[in-house]
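Asks: how would this look folded up:
(2 chains)
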Amino acid sequence: MSNRKIVQSATIEEFLQQQQGQDLLRFITCGSVDDGKSTLIGRLLWEAQQLFDDQVAALQTDSKKFGTQGEEIDFALLVDGLAAEREQGITIDVAYRFFSSSARKFIVADTPGHEQYTRNMVTGASTADLAILLVDARNGILTQTRRHAFLTSLVGIRHVVLAINKMDLVGYDESVYRTIESEFEGFVRDLRFESVVAIPLSALKGDNITSRSKNTNWYQGPTLVGYLDTVEIQRQVSEDFVFPVQWVNRPNSSFRGFAGTVASGSVRVGDEVRVTASGQIATVSEIVTMDGNREDASADQAVTLTLDREIDVSRGDVLTLSQRPLEMTDQFEATIVWLYDQAGLPGRTYDLKLATQWMPSSVSHIKHRINVSTFAKEASAQLRLNDIAVCNISTSKPIACDTYAKNPQLGSFILVDRFTNATIGAGMIRHSLRRSQNVHKQALSITREDRERLNGHPAKVFWFTGLSGSGKSTIANALEKELHRRGMRTYVLDGDNIRQGLNKDLGFSEADRVENIRRIAEVARLMLDAGLVVMVAFISPFRQEREMARDLIGKDAFVEVYVNTPIEVCELRDPKGLYKKARAGKIPNMTGISGTYEPPEQAEFVAAPSMSLAETVTKLAAIAHVQP
Amino acid sequence: MTPHLKRLEAESTYIIREAVAEAENPVLMHSIGKDSAVMMHLTRKAFYPASPPFPMLHVDTRWKFREMYLFRDKIAQISGMELLVYTNPEAIAKEINPFDHGSSLFVDITKVDGLKQALDKYKFDVMFGGARRDEEKSRAKERVFSFRSATHRWDPKQQRPELWNLYNTRKNKGESIRVFPLSNWTELDIWQYIYLQNIAVVPLYFAKKRPVVVRNGIILMIDDDRFRLLPGEEIQEKMVRFRSLGCYPLTGAIESTADTLPEVILEVLNAKRSERQGRVVDHDSPHGFEKKKQEGHF
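Replies: This is a model prediction of the structure:
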């Protein structure tokens, strides 16, 4: 199909020769709904003679049935391929299309204009070199145009075509074009684009797509295809060799190779490399591929390295040249695009994937969200769908990374919800907040093990969760008395008490509850380190936060105790009169009434209502008493 | 190799390694066509010098061309991978065939149900497929890592955003991910790569005199005596080849003289009709393919 007109190769050699010189340009089309993006792509394919006869025949039939152009061909139907898209006449998801000219091959991502599908626009933009931003000449610059210009700049695209479309509907009026062009130039001044080229178009009629239109004699610039064919793209690449290990290849005991794709820079046989996390060093002995061993490997090449000595390397490790080590950090500032309809909350744990590393992480602080219409910085307590915000991220242990500007492969990451597994956020690292080389954890001379030995019992955290009035504090207190009687060192952290002191600045919104639990988990961890058996009696309604506490404290020492008392019983007891108030509408967010409670799925211990207090305490004491 | 093919090869290798590194029980779906041949080659490259650490699965409708079965068994040996073959027992019991049951029901039972049963049986959680975005409109919308529910359904409105080359491989028990490393390849890329890497493909891709009938404008090859002629139809000899291979009474051939790889490439370059134009299933109904995909078809 491709090149039907352009390539006249008589022999395969001629054809392959011609292919040698072709590079690839990836671009997106974006803009507001109904600006004609799909029509433009359909038109590009048509003009580039990339359509097959049967596709054209189908298009003609479809145009009669679903089309919006009367008797004329509706090019949008070429790309809006999903049934729901045709029903609604809009683009829902990114479509990737391929075409080529004699100069280049192209992959175009047609991205949706609807605000609710902004995440799909970011998806398309993340792999693109150039953006075609469409504007309807009749409407000029809209909020969504600004949003997309901003997102385009954010992901690092440096070349923008401002396609001022539907010129046919404004009588090919030069002043309309000039007004939109200058308004756009004004507002993208701060977006750091290398080039912005405005082109007056009619995707529907074909003006200035491949040949200069007679209708716009006042326009002297390139046609759209002429520009796409010749624009020079300098990709941002770091010179430093970076190799995230994807897979350890061990076909037999004599071969141990590290498979991966070179993210940046290059490596040669004989180079000394360093494992970022452990600092171990070895020399590259072979660069293996099925087509034979190589002397060197450079960016974007998928290879397998073998080293001259046995050092510990596994998936997720990052290799660099030993003289050019990479930084590691567990705190960095990043721009986050929130992709999920459930809000993101500071303190909540999400899984982060960066290169081949997976790691629990959390947003420790939202610095500000960016208003994409005004570019103003606004305060925000949470991340909502389509929000773009600058945040501090902390990871559970240091990761090898870089800034997005310097090395996009090590500066980009995704956040994944640990329960639904949805991709909920995309991030680009701005800078590290501290470098782990500089943050030496203060090595304490007395360890937890020393204290446990002196105490004669292990340190533990009993995390009691359950509804208000379920009996958490009662059990915790009785357990403490029993352990104290046995000569153990203990402490009880009770929700109400802590809220009067350490956490008195926190309310009962979802975000505050998350922060409440985060602080308690930190305090419990310190007490654990001090060798105590800590009983934490907190409603802690969200599974995610209890998981965060478990991660922070460590699986071995953490005992989740679910006090499984039915709400009817709790309400009957109502020791603090809270249910009565909640029923009267005086307490919003009362857990179990108007606030969610997520029961544990795999608690280490379930205190069932049928169990007596004495029996519960005896069983828990037995768990506490296991020798260190 | 051309710079473009080198780039595609590296990208696919990365995707294959990434999927396998994070899968519990991966499998390479093999349909014996040219894309499967390229997938197998890339898979071998990705894990060289080890053999790919997972099996191939062929969901057999029992209506492939005879040459395809011969070829399948031959390449299983080259690959060093175990070849699993699965056929829906219901299709065998009820003798489901495209002549009596029509293409749509035939595909539903032998391919879609057969695939789902096989995946349930072996509990694969990551399935590699050779689908390309240039093949069909709904495939153009498919992610590289395409999430499937525990009932194997695809929900095009709920696709995971896929940014950069960071693939979210997380899933719960019973759920699975279909991975398409050839997403960014075109038909022409596939043929060039096959030529330059000297990859073996089924001989049906090359022109030869073959017995055919022409039905509704589609050239159908007579592969065995199960073929049913309609009244008035006559078997003719024609110089034909296949651009796309499926089940034999549902896949049209094209008239061609291209009997070598270079000639095939030049012919594809100048083709006036699309690759899947001869595939009956795609044209059952508008969105027929998308619907089958939602239900679990590749």
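
Asks: Show me which residues of the stretch 101-250 of chain B sit near chain A.
Replies: Applying CB under 8 Å from any CB of the partner chain, we find that the stretch 101-250 of chain B lies next to chain A at B:133-134, B:136-138, B:140-141, B:156-157, B:159-166, B:168, B:170-172, B:175, B:183-184, B:186-188, B:192, B:195-196. Every residue, glycine included, has its C-beta placed from N, CA and C.

Asks: Please type out the PyMOL selection for whichever of those residues turn out to be buried.
Replies: In PyMOL, this line selects whichever of those come out buried by 16 or more other CB atoms under 10 Å in any protein chain shown:
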select buried, chain B and resi 133+134+136+137+138+140+141+156+159+160+161+162+163+164+165+166+168+170+171+183+184+186+187+188+192+195
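
Asks: In which helix or strand does residue 58 reside?
Replies: Defaulting to chain A. Assigned by DSSP states H and E, A:A58 falls within helix A:53-66.

Asks: think we crossed wires, I meant chain B
Replies: Assigned by DSSP H and E, B:H58 belongs to strand B:56-59.

Asks: next SSE after that strand?
Replies: Counting by DSSP H and E, what follows strand B:56-59 is helix B:66-79.

Asks: and that following helix, what does it pack onto?
Replies: On a contact count with 3 or more CB pairs under 8 Å, 6 or more residues apart in numbering or on different chains; DSSP states H and E, helix B:66-79 meets helix B:34-47, strand B:56-59, strand B:83-86.

Asks: what is the rounded mean pLDDT of the longest one?
Replies: Read it as helix B:34-47. The predicted model assigns helix B:34-47 a mean pLDDT of 96.

Asks: Equivalent analysis for stretch B:203-216, please.
Replies: Mean predicted lDDT for stretch B:203-216 stands at 94.

Asks: For A:L444, give me the pLDDT.
Replies: 62.

Asks: How is A:I41 assigned, secondary-structure-wise?
Replies: helix (DSSP: H, G, I helix; E, B strand; the rest coil).

Asks: just the one 5 residues further on next, same as before
Replies: Look at A:W46: counting by three-state DSSP, its state is helix.

Asks: Next, count neighbours for the nearest residue to it once chain neighbours are set aside.
Replies: Nearest non-adjacent residue to A:W46, counting by CB to CB, 6 or more residues apart in numbering or on different chains: A:F75, 6.5 Å away. By the criterion of other CB atoms under 10 Å in any protein chain shown, A:F75 has 26 neighbours.

Asks: Check B:E233 too.
Replies: 13.

Asks: measure the residue in the stretch 101-250 of chain B that chain A sits nearest to to A:V275 for me?
Replies: In the stretch 101-250 of chain B, the residue that lies nearest chain A is B:K137 (2.7 Å; CB to the nearest CB). Counting by CB to CB, to the nearest Å, the gap from B:K137 to A:V275 is 46 Å.

Asks: Now name the helix or strand holding B:M81.
Replies: B:M81 belongs to no helix or strand, assigned by DSSP H and E.

Asks: Got the confidence number for it?
Replies: pLDDT, B:M81: 91.

Asks: show me what contacts it?
Replies: By CB atoms under 8 Å, 6 or more residues apart in numbering or on different chains, B:M81 lies in contact with B:L28, B:M40, B:T43, B:S51, B:P52, B:F54, B:P55, B:M56.

Asks: ok, 10 Å please
Replies: Shown in contact with B:M81 (CB atoms under 10 Å, 6 or more residues apart in numbering or on different chains): B:27-28, B:30, B:40, B:43-44, B:47, B:51-56, B:75.

Asks: Adding neighbour count, write the residues you listed out as TSV.
Replies: Formatted as TSV, the contacts of B:M81 follow (neighbours: other CB atoms under 10 Å in any protein chain shown):
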residue	neighbour count
B:V27	23
B:L28	27
B:H30	27
B:M40	23
B:T43	26
B:R44	18
B:F47	25
B:S51	14
B:P52	23
B:P53	15
B:F54	20
B:P55	18
B:M56	23
B:I75	21
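
Asks: which two in the residues you listed are spaced the farthest apart?
Replies: The distance between the two most remote of the contacts of B:M81 (CB to CB) is 17.9 Å, for B:P53 and B:I75.

Asks: how about low-confidence regions in chain A?
Replies: A:1-9, A:33, A:67-71, A:79-92, A:113-117, A:236, A:435-444, A:626-628 (pLDDT under 70).

Asks: Alright, calling it a day.
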